[in-house]
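Novice: have a look at this prediction, sequence included:
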Amino acid sequence: MLPWRLIFAKALNSPKQGLTVRFAGKTRAACNFHSSPGSEYHDSSAGSTPLSERGPFVSRLKSRGVLRFDGPDAVKYLQGLVTNDLRRFEETPSDAGVSLPTPNQSVAFSGPIYTAFLTPQGRFLYDLFVYRPVRADEKLDGTGSGPGGDPHQPALLADVDIHFLDELLDHLKKYRLRAKVEIQDVSKDMAAWQRFGRSLVDGSDVDKDVEAKSIGWGGGADFAGRAAAQSNGQGWRWFRDPRLVSMGLRGLFPSDTVPPLVEADKEVDEQYYLLWRLEEGVPEGSTEIPKGEAIPLEYNLAGLNAISFEKGCYVGQESVARTHHRGVIRKRLLPVNFIHDSGEVNSGKKVGTATTVLGSRGLALLRLEAAFKNTSQLNVKGLENVNVKVIRPKWWPSEWGQEEEQATAVA
């Protein structure tokens, strides 16, 4: 029998129920992988999965809390602390898809930015999605006759790992000094939501369901209607996930409201979203990206649009820049499948560690040389009859996994 962390997920026939996953929680360092001689080939592309054939789904992310930033120095204050460039939030936003303002939608908007806090040594601490709420002069009032947004809107909002929220607040206050910024926990008032699954995978259909609600008699898209479909009465709206197109849509909405485009039979538990991320190879939060230990580039944060290599200084920048310009990443986080195999087992050396496991899927930090070596077979230490199938995500740049080989050739 496999232990509870490796019990396989089973798909039900009911399209509403989707997957039933027997699971007792996420785990870090669930198992160590060892390589041994064998002939198993580690597939370089993810195959068809139950979630990729269904959806779209929507989940309220109870694992994420929300912080509010007020004050004229909010953007400047965060700019010196996080890995991404937030200066876009100081500019007037623009979006060609919205031509006219409506009472619940601004004339233009800025999508969220994914970023992270690091230690001075360049190790990962916390990730966050930063949002710039619509300003009062960028919306119409309820009558549509003039500006009418909420004058008390925060300067910025951020969804963060709720399990580390208090730690993050202490971290932020330590760097506040004389900056004119106030920080509050508003998790009781606001909630993070995610839309994901089939039809949102390649981005071609991200807005199709929205535009379908806004087609006029002339056959053209009514952008005001489209905005109404995507936004609630207060102007909170869905945005494309800033990490990857395949991650779907993300947004912050008042806790006492249901976001637009949420159908009752499509709302699912957050574990479905976790499974989706495992299939895509996308970690989130300070457990899946180990706080104080993880090297950002090994956990693919550059590929997830969390790091700007053009911005000015921030805490931990020197280490990240040095690793980036050296151009050699020997380990990376990869999605893996656990497969029961009762065949012959050979002992070998450690090549990596699982960071997150759900059912028969997980994320593992692996040495790339061993992960994609056709002559290697990966097993779980202590459970040698469990083989590990490594999957190369489709969104990876072609050069990833080849850096060490190229560096050796140059030398």
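Specialist: Ah, there it is.
Novice: OK, contacts around residue 277?
Specialist: 247, 283-284 (Cβ atoms under 8 Å, 6 or more residues apart in numbering). Every residue, glycine included, has its C-beta placed from N, CA and C.
Novice: out of those, which is nearest to residue 319?
Specialist: Closest approach between the contacts of residue 277 and residue 319, by Cβ to Cβ: residue 283, at 19.2 Å.
Novice: look up how far residue 249 lies from the nearest residue to that closest one once chain neighbours are set aside.
Specialist: Spatial nearest neighbour of residue 283, excluding adjacent residues (Cβ to Cβ, 6 or more residues apart in numbering): residue 289 at 4.9 Å. Remark: distance between residue 289 and residue 249 (Cβ to Cβ, to the nearest Å) = 22 Å.
Novice: likewise residue 79?
Specialist: Residue 79 is 26 Å from residue 249, by Cβ to Cβ.
Novice: hang on, the earlier thing: for the residue nearest to residue 283, the count of nearby residues, please.
Specialist: 28 (other Cβ atoms under 10 Å).
Novice: what do you get for the one 3 residues further on?
Specialist: A total of 11 residues lie near residue 292 under the criterion other Cβ under 10 Å.
Novice: next helix or strand past the helix or strand containing residue 325?
Specialist: Element membership of residue 325, judged by DSSP states H and E, is helix 317-326. Using DSSP H and E, the helix or strand that follows helix 317-326 towards the C-terminus is strand 331-340.
Novice: please save the CA atoms from stretch 61-74 in PDB.
Specialist: Extracted in PDB, the C-alpha atoms of stretch 61-74 (Å, rounded to 0.1, in the frame of the first residue of the first chain):
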ATOM      1  CA  LEU A  61      -8.500  31.100  -2.400                       C
ATOM      2  CA  LYS A  62      -8.800  30.700   1.400                       C
ATOM      3  CA  SER A  63      -5.000  30.200   1.500                       C
ATOM      4  CA  ARG A  64      -4.600  33.900   0.600                       C
ATOM      5  CA  GLY A  65      -5.100  37.000   2.700                       C
ATOM      6  CA  VAL A  66      -5.300  40.600   1.600                       C
ATOM      7  CA  LEU A  67      -3.200  43.600   2.600                       C
ATOM      8  CA  ARG A  68      -4.200  47.200   2.000                       C
ATOM      9  CA  PHE A  69      -1.600  50.000   1.400                       C
ATOM     10  CA  ASP A  70      -2.600  53.600   1.900                       C
ATOM     11  CA  GLY A  71      -0.600  56.700   1.500                       C
ATOM     12  CA  PRO A  72       1.300  58.700  -1.300                       C
ATOM     13  CA  ASP A  73       4.500  56.600  -0.800                       C
ATOM     14  CA  ALA A  74       2.900  53.200  -1.200                       C
END
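Novice: identify each buried residue in it, please.
Specialist: With burial defined by 16 or more other Cβ atoms under 10 Å, the residues of stretch 61-74 counted as buried are 61, 63-71, 73-74.
Novice: what does that stretch contact?
Specialist: Under Cβ under 8 Å, 6+ apart, the answer for stretch 61-74 is 77-78, 128, 154-163, 165, 168-169, 172, 179-187, 189-194, 252, 270, 273, 285.
Novice: what pLDDT, on average, does that stretch get?
Specialist: Averaged over stretch 61-74, pLDDT sits at 96.
Novice: over to stretch 315-335?
Specialist: pLDDT averaged over stretch 315-335 gives 92.
Novice: how long is it end to end?
Specialist: 29 Å (Cα to Cα, to the nearest Å).
Novice: give me the angle between the helix or strand encompassing residue 114 and helix 317-326.
Specialist: Using DSSP H and E, residue 114 sits in strand 113-118. Here strand 113-118 runs at an angle of 110 degrees relative to helix 317-326 (axes from the mean of the first three to the mean of the last three Cα atoms, to 10 degrees).
Novice: and strand 113-118, what does it pack onto?
Specialist: strand 124-131, helix 317-326 (3 or more Cβ pairs under 8 Å, 6 or more residues apart in numbering; DSSP states H and E).
Novice: may I see these organised as CSV, with distance to residue 397 and mean neighbour count added?
Specialist: Listed next are the helices and strands packed on strand 113-118 as CSV, based on distance: least, Cβ to Cβ, whole Å; neighbours: other Cβ atoms under 10 Å:
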stretch, distance to residue 397, mean neighbour count
strand 124-131, 20, 24
helix 317-326, 13, 14
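Novice: for residue 259, which of these is the nearest?
Specialist: So among the helices and strands packed on strand 113-118, strand 124-131 is nearest, using Cβ to Cβ, at 13.9 Å.
Novice: each with direction, which strands does that closest one pair with?
Specialist: Strand pairing for strand 124-131, using DSSP bridges, gives strand 113-118 (antiparallel), strand 156-161 (antiparallel).
Novice: low pLDDT regions in the stretch 201-350 of the chain?
Specialist: Applying pLDDT under 70 to the stretch 201-350 of the chain flags the ranges 201-235, 341-347.
Novice: show me where it has strands.
Specialist: 239-240, 249-254, 331-340, 350-358 (DSSP state E, counting those that start in this stretch).
Novice: one step back: residues in contact with the strand holding residue 114?
Specialist: Contacts of strand 113-118 (Cβ under 8 Å, 6+ apart): 81-86, 88-89, 124-130, 168, 171, 241-243, 296, 301, 304-307, 314-317, 319-320.
Novice: nearest to residue 279, out of the helices and strands packed on strand 113-118?
Specialist: That would be strand 124-131 among these, by Cβ to Cβ, at 19.3 Å.
Novice: average model confidence for stretch 110-118?
Specialist: 94.
Novice: OK, contacts around residue 300?
Specialist: Residue 300 neighbours (Cβ under 8 Å, 6+ apart): 281, 283, 332-333, 396.
Novice: could you dump the strands of the stretch 201-350 of the chain to TSV with mean neighbour count?
Specialist: Below are the strands of the stretch 201-350 of the chain laid out as TSV (neighbours: other Cβ atoms under 10 Å):
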stretch	mean neighbour count
strand 239-240	16
strand 249-254	22
strand 331-340	21
strand 350-358	21
